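[1] Could you look at this predicted model? Sequence included:
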Amino acid sequence: MKSHTEYFTFNTKQKRELVHLTPRLEEVLQRSKVEEGFMLVSAMHITAGVFVNDNESGLHEDIWKWLEGLAPFREEYRHHLTGEDNGDAHLKSLLIHHEVIVPITKGKLDLGTWQRVFYAEFDGQRSKRLIVKVLGE
Amino acid sequence: MKSHTEYFTFNTKQKRELVHLTPRLEEVLQRSKVEEGFMLVSAMHITAGVFVNDNESGLHEDIWKWLEGLAPFREEYRHHLTGEDNGDAHLKSLLIHHEVIVPITKGKLDLGTWQRVFYAEFDGQRSKRLIVKVLGE
Amino acid sequence: MKSHTEYFTFNTKQKRELVHLTPRLEEVLQRSKVEEGFMLVSAMHITAGVFVNDNESGLHEDIWKWLEGLAPFREEYRHHLTGEDNGDAHLKSLLIHHEVIVPITKGKLDLGTWQRVFYAEFDGQRSKRLIVKVLGE
């Protein structure tokens, strides 16, 4: 069995931003030398997410609008009594989810034609970490 | 370590449809000969999902109504400027999620009494793929 | 390859309750003797969830309120024609998701500084099971 772990750090320019991860994940996979296995891609923060969907800018606008509708910024979150103002980012993270597993087959990310992996930053403009861990053979 | 990969293709009669996967997954597990491990069940499309819940038709109606409420069809999605009309299917996929991991213990899917695995088609009537990948020993 | 499986049973005092799992998961990891791998933490019921977020009581109140807003109790769920009254618990489980994978690195749960794992009970006051399965080396 092989395992391989890498960490990425993001410091996005915008408070809310998507980062397309797929090319970096392909590089991690190459370095791992795993041919058959699973790749976990997981945000290490509770105000960020990871998801798989289409790399289409119009859809990304739809996703942001949809997230804001279902997990909106609100002044009155109880969490803000701690001095934070990012309650919505926690809820957006729960909605989108903070991790995905990508299957690895014959040394490739075994994604469908249109599937791409994204890091979703909900409270950026500061240093945030992501773990990529490959397990297999 | 053993790994075993199979692909299923669905071409649902309805645009939106649930497919109960558990019996097929049990067959995949048998063929994999894995006794202890994880089974990844993952849609290879960005307009479909996979989830674990009850095999009860009334609940399934509730789930469809709920999904339509939280991720409704809308003409005005930006994604539709590409010529597509399935923006809601992308959002439903994000909401339900596109994959699950099923634990395997003593050669069985280690699910709770009422847990069943479903493929959720949000934009069907065409050929769509699912990957099932087993990793273990 | 090593694998290690444990089951926990919860019988919460409240119908809806969060249980902080991280300390128990650290103990499971110690017993597993796995240094590099994945830990699956998965509810074995369709009316419960598992998620990763902050251990902050104000935020937990926000999460409950948010869940009730997006997946509310309603008398009229079709599922209730079976005699059940927990339709909302199924939808809350789908929204929060029933499982997470925690990466294991150098014999530790490889979580970010503020990441903690929670069991979310949506229909408690009875015996409910959770599986924790570790795979690695």
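    Nice, thanks for sending it over.
[2] pLDDT on the helix or strand hosting A:Val134, on average?
    Using DSSP states H and E, A:Val134 sits in strand A:128-136. When pLDDT is averaged over strand A:128-136, the result is 98.
[3] List the neighbouring strands of that strand plus their orientation.
    The pairing partners recorded for strand A:128-136 under DSSP bridges are strand A:2-10 (antiparallel), strand A:37-43 (antiparallel).
[4] What residues does chain A have near chain B?
    Counting by Cβ under 8 Å from any Cβ of the partner chain, chain A comes close to chain B at A:1, A:36-38, A:51-54, A:56-59, A:61-63, A:66, A:70, A:95-97, A:100-101, A:103, A:105, A:110-115, A:135-137. For glycine as for every other residue, the C-beta is placed from the backbone atoms N, C-alpha and C.
[5] Which ones among the residues you listed lie within helices?
    Under the assignment DSSP state H, the residues of chain A next to chain B contribute A:57-59, A:61-63, A:66, A:70, A:95-96 to helices.
[6] show me what contacts the spatially most central residue of chain A?
    Nearest to the mean C-alpha position of chain A, by Cα atoms, centre = their mean, lies A:Val50 at 2.2 Å. For A:Val50, the contacting residues are A:21, A:41-43, A:96-100, A:117-120, A:130, by Cβ atoms under 8 Å, 6 or more residues apart in numbering or on different chains.
[7] Those into TSV, with extra columns for distance to B:Gly124 and neighbour count?
    Output for the contacts of A:Val50, formatted as TSV (distance: Cβ to Cβ, whole Å; neighbours: other Cβ atoms under 10 Å in any protein chain shown):
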residue	distance to B:Gly124	neighbour count
A:Leu21	28	22
A:Val41	28	26
A:Ser42	30	26
A:Ala43	31	26
A:Ile96	24	22
A:His97	24	21
A:His98	29	26
A:Glu99	27	19
A:Val100	23	22
A:Val117	24	23
A:Phe118	24	22
A:Tyr119	29	21
A:Ala120	27	27
A:Leu130	33	23
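[8] returning to what we had before: now, of the strands paired with strand A:128-136, which is deepest in the fold?
    Comparing those by mean neighbour count (mean count of other Cβ atoms under 10 Å in any protein chain shown), strand A:37-43 comes out on top with a mean of 24.
[9] Mean pLDDT and distance to B:Phe10 added to the strands paired with strand A:128-136, as a markdown table?
    As requested, the strands paired with strand A:128-136 are exported to a markdown table (pLDDT from 0 to 100; distance: least, Cβ to Cβ, whole Å):
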| stretch | mean pLDDT | distance to B:Phe10 |
| --- | --- | --- |
| strand A:2-10 | 98 | 33 |
| strand A:37-43 | 98 | 23 |
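[10] The ones you listed into CSV, with extra columns for distance to B:Glu27?
    What follows is these, written out as CSV (distance: least, Cβ to Cβ, whole Å):
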stretch, distance to B:Glu27
strand A:2-10, 28
strand A:37-43, 21
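[11] So for A:Gly87, which of those strands sits nearest?
    Nearest to A:Gly87 among the strands paired with strand A:128-136 is strand A:37-43; the distance by Cβ to Cβ comes to 17.1 Å.
[12] doesn't A:Ser93 fall inside a helix?
    Yes. Counting by DSSP: H, G, I helix; E, B strand; the rest coil, one finds A:Ser93 located in a helix.
[13] name the element the residue nearest to it when sequence neighbours are not counted belongs to?
    Counting by Cβ to Cβ, 6 or more residues apart in numbering or on different chains, A:Ser93 lies nearest to A:Gly49, which is 5.0 Å off, once chain neighbours are set aside. Per DSSP H and E: A:Gly49 is located in strand A:48-53.
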